[in-house]
Structures are given as structure tokens and as C-alpha cells.
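Trainee: next come a sequence and a model predicted from it.
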Amino acid sequence: MAGPAVVQCRSCDGLSFTLDPCRCTYGGNRVLVDESESVRRAAGEAYQDCLECQGVGTVGRPCHDCGQTGRRRAQLVLTMANLDTGAVASANVVPRAVEPAPWPGDGGGSWHLPLAPLLRDLAAAVGAGSWTDVRQPGDQDGPLVLLPRAWRPEHSASVREVLEAEAIAGENTDAWRLYLGRTEVAPPRDAAVELGRLCRLADLLCLDLVVEARRLIATAGLTWAIRFEVPGGPVPAEAQGYADDLSEAITTTTVLDACYGLEERGLSTPAHHVTLGQPPPEPTTIDLDQLERRILADCLDLITGDPTAGAQAIWRNGRWWHTSLRTAGTTETLTEWSTGQIYSRRATTLRRGWEPPAPSWQDSPVPYVDCPDCDPHSRLRRCDCRLGTDRADPDCPKCAGSGRSPSLLRCYTCRGARRLHSEAAITLTDLAGRVVHLSWRTDASGWRTGEFAWHDDPAGRAGPAGEETWRTGRQVSAPQVATHPGGKPLHQLPDQFRLAGWADHFGVRPEDLVELDGGGSLDHSLRDGTVTLHHPDADPLTEYLRWAARGRPGGRLFVLARRPDVPPLADLVRLVLGLRLTVTITLTDHIRNAGDLRLLQGESWDVTVNTLDRLPTPADPPTHSTPEAATAHCLEYLELAIAGNVPANPDQQIPVPQTPTPIAVDDPVPLLRRLARHHPGQPVAAHYDNATCQVWLRERDDVRQLAAAPTLPAAIGALGL
């Protein structure tokens, strides 16, 4: 097969490196560089004491666009893979493969290669009713390939081919695009219905739903965003979304998107417990046009008519509250550049024009103490020399014996909240209408905890699944259940402080409980109610509640209780093989840890997709508690495996996988569990390629192959299992 067309890299003119203005030239010959000046300035006078260019003003850098080859491949591969069936179809976009079309509305002056019809043909070939780009979720039209202005249909075929090659080579950095499809057609999202659903969920979760229009530049247009927030927090310093209007902000934001960053936004929010009364009413039908017009009106000053910084509509207590956003001042951040200069960045802080009344569900404040290990007015944190002994090393080069050293990272003790809460509020939800609120408290008279659940009744109206109940007691019995190697005791709290017991309430496994913000694994100490005491006189309950509320928004921990919505692991293996890639599934069985609450329990999984030339190796260690969680993580980062399979040599063609009839794959989960049970505590792996299935074992630093066969059942059978 002939190789692809190759053109000279336009970024480096074939030299494999570029000679660029040094970063110091944008600040001029000065030590202190102001952000506003560096943005307006073009490359100019160099900083004479620059650590990068030594005052020359230019630096040579490797060309990233061509991978330092000086040439670029004129090939773009579009691959459509059906997650439900495993069928794969690809289109090879090379010069003369796609008929150019005039750019709409340009009067024939610009031409492009229309790739959306190609994607529709590929989707029909694999039976996909809907699809999305793994790089840009929601994009269904493919990359935009604009032809050079010199391209004209009346030119000779050779001239047109050269110009098309230049345009296609411009997509070289993402030359293999993968689209994951599903057989069922995704239903259209109605903005009004989606917004009503988010409002109802905000009521159930006891959160604010904030619709925000923000002006990035004083005279520019507005950018829209929608998100959940804990009441009482400040306006985020940075814009949270980039939609052009309200409808786009709603339809492009999922529930998990609206929850993302909840912890970051609520670090400094005053903490309160949650009290529940009557079920929240159903949101009335929302007039999006009226809501948008009201927000737009708040983006202008009523007296002067000047544009404000933006506006917000906040859903709280069953209704919308409107407020404008005003400039509250500026903050300055100093950063040292690699050139040796100091970069000054000023950010505008915003405030709401007025604050809506406190939510009806807000209960008593959560008590707290200031964090002892960080300074709220500086970057000083507890120095690493205090780890273990909590005593400063007088010869430490970082802190010079003071016990605190500057750091760009968050304080580990409080996770950036600057305070340690002595109580915690816990919210568990499946995001489908079922919510449980727990209140973990401690005071002079003892402890108490409250529970309240919501669900969808057959009539479709939110209602309580039970009344709010309180349990009180004089003291909590938290017996010591183990001792760490260093001598620190491990205590376990009673059942009411263990989140694992709520998994059955939502019909999931304890290992399916994850953090709502970001989907990170829930700490096993919160599932099992365990706490390590670092000081002999510490109270187990107080230390445990401080750990549960550490760095949480408003002292609240939000837990998602549902299984990941992913295809079975066998379907993922079938899909990867259809893409002509390899996949390694790793499992560690922690059965030897059973009953020892100091150590991991259950299983650890990992699923890694690699190229054909990579040697198989078990993950060390696997980090996901379920095969579904490992599958979800693999699909989320599948784009990295796709990019890694593009050959670095531009003379080598990108594979164009075609798998109309996927191979059958046996479910690897029970087979790997059988193998892992024979090697407890050691990672075992099944590696699939296009020809064989190999079984591997990791023993400390040694990795060895146990068996190889056409299928995993045959490989396991060869081991006598």
C-alpha cells in the first residue's frame, strides 16, 4: 500500500524547530511585569538578565506540530464505533477523497471539506443512532477542514491536490478522530424541561441552582453558565461556562457538569446543618424567554444604563431570585517566570448586588476551629519535616526550623478551607429523585444524627420516604479495632456513622459510592466508619467528623450512589479489538485483608488501552473498586490511546480500522476473579490483542506470563483452573 501524502510543516518550514520570541520580550526589560501590559504588548525589547535567552530575545523550541520531523502527514482518519454492537467503520480522508464545497454565506470565496456527511455514512454503517467525539463530547459534525484561499475548482487536479494536502495536514495534531455511537437515538433535550428538572433536584439536594450571565470584557458580549452552589458562598473568580445564550447553557450542561467544582466554589462558605420540613413543591413551567430577558436586564445599570459585570438568577426556596453582579475590587497574584521576572496578575472580584434570603432548610451553624497548620494570609503551610513526629526539624532547609514553609498546594489538614468543622452534614443521592440527608453532630450532651429521604412516588411528585428522625445519646462507643505499624490506634464508629450501610437503600454496592463532585472514590474510612488517632488524647468522634467535613463545601459531603452507566467489560474489549488496539484488564483480590480495616477491602480493577507495539503489563496497583468504575475511567481517557496509536513517522500511514462483524468475547470478570482468588494480593491481568489472550501475573517487581491462548477461557483452562 502506498504511503500517505507528506507536506512540509508550515509551522517550522521543515526545520523541525522554531525560533520564537522569548517570553521575556512581552514584559520588556523590567523585573516586574504587569499582566495588562504584557497582553497589549507585542514581542519587543528583551529582558537583559533573562534566564532563558540571556537577553537575546529569541529561543529555539522543538516543533510540536510535526513532532520534530519537519514534515506532516496529509491524512485524517474518522472512525465510528458502536458501543452496543462493537461494529467499527472508518473513513480515510486524504487529498481528492472528499469533494470540496463552498463555505456557506461566503459567496464562493472560501471552500472546505464537508466531513459531516462522512460521519453520517459511517454511523449508518455501524447502526449508530447517535454519536459523540471522544475529544469533544457533543460534537457530531467532525473537524472543520478549511481549504487555502488559493484553492479554486478550475485549477488543475495536481494543484488542487497539493492545496488539499496542506489543509488536511493542518489537522495532524489530532489525525485520528474516534466517535463513540449508541444504537438508540439520543432524545432531544428540551431546555425548559431540563431546567425544571435541575430546579427540582436543587430543592431535593438543598442547594442553589445558579444561572449566570457574565461579561468577560467590559464591552464584550455575555457568556452563560448554570451550576449548583452551596448558599452563602462568594461569586467565583473565574467564569464557569462559555455558552452564548441560556438555552445553550442548559442543553450542554449535564447534572454532573452542574455539580462539578462544587467543592472548590464552597470552600469558604459558612457551614450549616440541613433541616427538612414539607416536601418542596413541583417547579412551575419555566418561561425561558422571560427568565433570559430578566437576566439581560440586570446586566445593565438601572440608573446609568452602563453594563454591569453580569447577573445571576438563583433558584432558592422554590422561586427565582435575581441580582446583578458588581465589581468588588481586585486581587494581585505574583508569579515567578522561568525568565527570572516577576509576573503580576490582577483579577477582578465580583459581588452580588444583593443576597436573597437564607434558605428555609438551613439549620444551626456547624462549629469549627481555625486550622492550626496554615496561615490564611500567606502561602505558609505545615512543613513536610513535621510529618510523623509533628516536630519541626531545626535543620530543615524549607522552613529553617519554624515548622511552616511556603507551598502552592492546599493545606493537607484542612484542604484549603482554613477551618476544621467539628460536625458534618452528609447528602446521598442517585440523582434520579432519591436523596438522603444525614446530620452527624456532637456537643456537650453527646451526639445525634438525623435522616430524611425523598423519592418519586407513582404520581411523579416528590415526597418524603419517611419522617425526619433523631437519635441521641450520651456518648459514642468507638472501640479500637487495630493498631498501625507506627503504634497509632484505629477506632471504628457505630453503624450510624458508616456510609456503607446506605448502599442497600439505593440498590448499589458499598464500593459504588463515590463523591458527587468529580466522581472520585469515596474514602474507605467513611464507608467503614474508621478513624486513626494521631494524638493519644484525641476523641475518635471529633476526629472522624473533622475528617468527613475536611475541605467540604459548607461542611457538607455529597455522595453519589449509583452504578456507572457503562457497557459491560466484554463489550469494551470487543470494541477495542475492533479498533485494532490492545486492552489489558488488571485485578487484585484483597481477600487476605478481610477483617483488617487498616487495609483495602474487596477488589481493585484497572482497564488500560494500548497500541499494538506496547508490551502488556499489569497495572501496579489497580485503583478502581469495581469493573464498572474501571471501564468508565478507560472510556473517559480513550482519546489518549487513540492519539498514541498515530505513527510518529509521517511516511507511515495511520491505521483505518474496519470491523463490520465484531468477534465474540467472553465475560472476563468471573474468569479473572477465579484467577485472582488463586493469587490473593497480587495483580493478575488478561491482555487481549488481535490474535491471542495472554494471562500475566505481577509478583513484587517481577512480571511473568502464565498462559496464552486464542481466548481467555482457554488460557484459564490451560492453567487448570
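Mentor: All right, it came through fine. Source: prediction; values computed, not measured. Numbers count the residues shown, from 1 in each chain.
Trainee: drop to CA atoms for contacts and neighbour counts, all remaining ones
Mentor: OK.
Trainee: where does the stretch 501-650 of the chain have low pLDDT?
Mentor: Along the stretch 501-650 of the chain, no part satisfies pLDDT under 70.
Trainee: now the residue nearest to residue 242 when sequence neighbours are not counted: how far from residue 633?
Mentor: Setting aside the residues directly before and after it, residue 242 is nearest to residue 223 in space (CA to CA, 6 or more residues apart in numbering), at 5.0 Å. According to CA to CA, to the nearest Å, residue 223 stands 30 Å off from residue 633.
Trainee: okay, the two: which has more neighbours?
Mentor: Between residue 223 and residue 633, counted using other CA atoms under 10 Å, residue 223 has the larger neighbour count: 20 against 17.
Trainee: and the more buried one, what's its pLDDT?
Mentor: According to the prediction, residue 223 has pLDDT 92.
Trainee: that one is in what secondary structure piece?
Mentor: Remark: residue 223 resides in strand 222-229, with elements defined by DSSP states H and E.
Trainee: just after that strand, pick out the following helix or strand.
Mentor: Note on strand 222-229: by DSSP H and E, the next helix or strand toward the C-terminus is helix 246-251.
Trainee: list the buried residues in that next one.
Mentor: 246, 247, 249, 250, 251 (16 or more other CA atoms under 10 Å).
Trainee: packing partners of the helix ranked longest in the chain?
Mentor: As assigned by DSSP state H, the longest helix anywhere in the chain is helix 191-205. Helices and strands touching helix 191-205, as assessed by 3 or more CA pairs under 8 Å, 6 or more residues apart in numbering; DSSP states H and E, comprise strand 208-215, helix 246-251, strand 310-316.
Trainee: for residue 131, find the nearest of the ones you listed.
Mentor: Among those, the nearest to residue 131 by CA to CA is helix 246-251 (16.1 Å).
Trainee: pull the residues that contact stretch 659-676.
Mentor: 85-89, 125-126, 569-571, 573-575, 578-579, 587-589, 627, 682-686, 711-713, 716, 721 (CA atoms under 8 Å, 6 or more residues apart in numbering).
Trainee: generate a PyMOL selection restricted to the buried entries among these.
Mentor: Applying 16+ other CA under 10 Å to the contacts of stretch 659-676, the buried members can be selected in PyMOL as follows:
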select buried, resi 85+86+87+88+89+125+126+569+570+571+573+574+575+578+579+587+588+589+627+682+683+684+685+686+711+712+713+716
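Trainee: in helices, which of the contacts of stretch 659-676 fall?
Mentor: Using DSSP H, those in helices are 125-126, 569-571, 573-575, 578, 627, 712-713, 716.
Trainee: quick one: mean pLDDT for stretch 313-327?
Mentor: Stretch 313-327 comes out at a mean pLDDT of 93.
Trainee: kindly report the same for stretch 98-115.
Mentor: Stretch 98-115 comes out at a mean pLDDT of 84.
Trainee: with stretch 349-357 instead?
Mentor: pLDDT averaged over stretch 349-357 gives 91.
Trainee: now what about it, what contacts it?
Mentor: When contacts are defined by CA under 8 Å, 6+ apart, stretch 349-357 is touched by residues 234-237, 309, 321, 323-331.
Trainee: and these, which are buried?
Mentor: 234, 235, 309, 321, 323, 324, 325, 326.
Trainee: re the thing from before, and the contacts of stretch 349-357, which two are the farthest apart?
Mentor: It's 321 and 331 that sit farthest apart of the contacts of stretch 349-357, by CA to CA, at 28.1 Å.
Trainee: do a quick rundown of the strands in the stretch 251-400 of the chain.
Mentor: Counting by DSSP state E, counting those that start in this stretch, the stretch 251-400 of the chain has these strands, from start to end: 272-274, 310-316, 319-336, 342-352, 362-365, 368-370, 380-382.
Trainee: what's the most buried one of those strands?
Mentor: With neighbours defined as mean count of other CA atoms under 10 Å, the strands of the stretch 251-400 of the chain peak in mean count at strand 310-316, which reaches a mean of 25.
Trainee: need the three-state assignment for residue 634.
Mentor: What DSSP: H, G, I helix; E, B strand; the rest coil gives for residue 634 is helix.
Trainee: how near is it to residue 381?
Mentor: According to CA to CA, residue 634 stands 35 Å off from residue 381.
Trainee: the nearest residue to residue 141 once chain neighbours are set aside: neighbour count?
Mentor: Nearest non-adjacent residue to residue 141, counting by CA to CA, 6+ apart: residue 116, 4.6 Å away. By the criterion of other CA under 10 Å, residue 116 has 14 neighbours.
Trainee: thought residue 116 was touching residue 140?
Mentor: Yes. If you go by CA atoms under 8 Å, residue 116 and residue 140 touch, sitting 7.5 Å apart.
Trainee: related to what we said a few turns ago, make TSV out of the helices and strands packed on helix 191-205 and add distance to residue 61.
Mentor: TSV is the format used below for the helices and strands packed on helix 191-205 (distance: least, CA to CA, whole Å):
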stretch	distance to residue 61
strand 208-215	36
helix 246-251	39
strand 310-316	41
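Trainee: please list all residues in contact with the residue nearest to residue 141.
Mentor: By CA under 8 Å, 6+ apart, the residues touching residue 116 are 140, 141, 142.
Trainee: the ones in helices among the contacts of stretch 659-676 into CSV, with extra columns for distance to residue 524?
Mentor: As requested, these are arranged in CSV below (distance: CA to CA, whole Å):
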residue, distance to residue 524
125, 45
126, 42
569, 24
570, 28
571, 29
573, 29
574, 33
575, 33
578, 37
627, 17
712, 32
713, 33
716, 32
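Trainee: sorry, back to before: what about the residue nearest to residue 141, distance to residue 477?
Mentor: Counting by CA to CA, the gap from residue 116 to residue 477 is 64 Å.
Trainee: same check on residue 495?
Mentor: 11 Å.
Trainee: can you check residue 127 too?
Mentor: 59 Å.
Trainee: now the helices for the stretch 401-550 of the chain?
Mentor: For the stretch 401-550 of the chain, applying DSSP state H, counting those that start in this stretch gives helices covering 524-528, 540-548.
Trainee: ok so, going back, contacts only, for the residue nearest to residue 242.
Mentor: Contacts of residue 223 (CA under 8 Å, 6+ apart): 213, 214, 215, 216, 239, 241, 242, 243, 244, 245.
Trainee: apply 6 Å and report the result again.
Mentor: By CA atoms under 6 Å, 6 or more residues apart in numbering, the contact set of residue 223 is 213, 214, 242, 243, 244.
Trainee: ok, residue 374 next?
Mentor: Shown in contact with residue 374 (CA under 6 Å, 6+ apart): 380, 381.
Trainee: per-residue confidence at residue 480?
Mentor: The model's pLDDT for residue 480 equals 89.
Trainee: before we move on, what about residue 413?
Mentor: Looking at residue 413, its pLDDT is 85.
Trainee: OK, contacts around it?
Mentor: Residue 413 makes contact with no residue under the criterion CA under 6 Å, 6+ apart.
Trainee: all numbers from here: first residue = 665
Mentor: Yes, from this point I'll number from 665; that puts the last item at residue 1077.
Trainee: distance of it relative to residue 1083?
Mentor: Residue 1077 sits 9 Å away from residue 1083 when distances are taken as CA to CA.
Trainee: the most centrally placed residue in the chain - nearest residue in space that isn't next to it in sequence?
Mentor: Geometric centre of the chain, nearest residue: residue 1182, 5.5 Å, by CA atoms, centre = their mean. In this structure, residue 1182 finds its nearest non-sequential neighbour in residue 924, 5.8 Å apart by CA to CA, 6+ apart.
Trainee: next one: that neighbour from residue 1294, what distance?
Mentor: Distance of residue 924 to residue 1294, computed by CA to CA: 20 Å.
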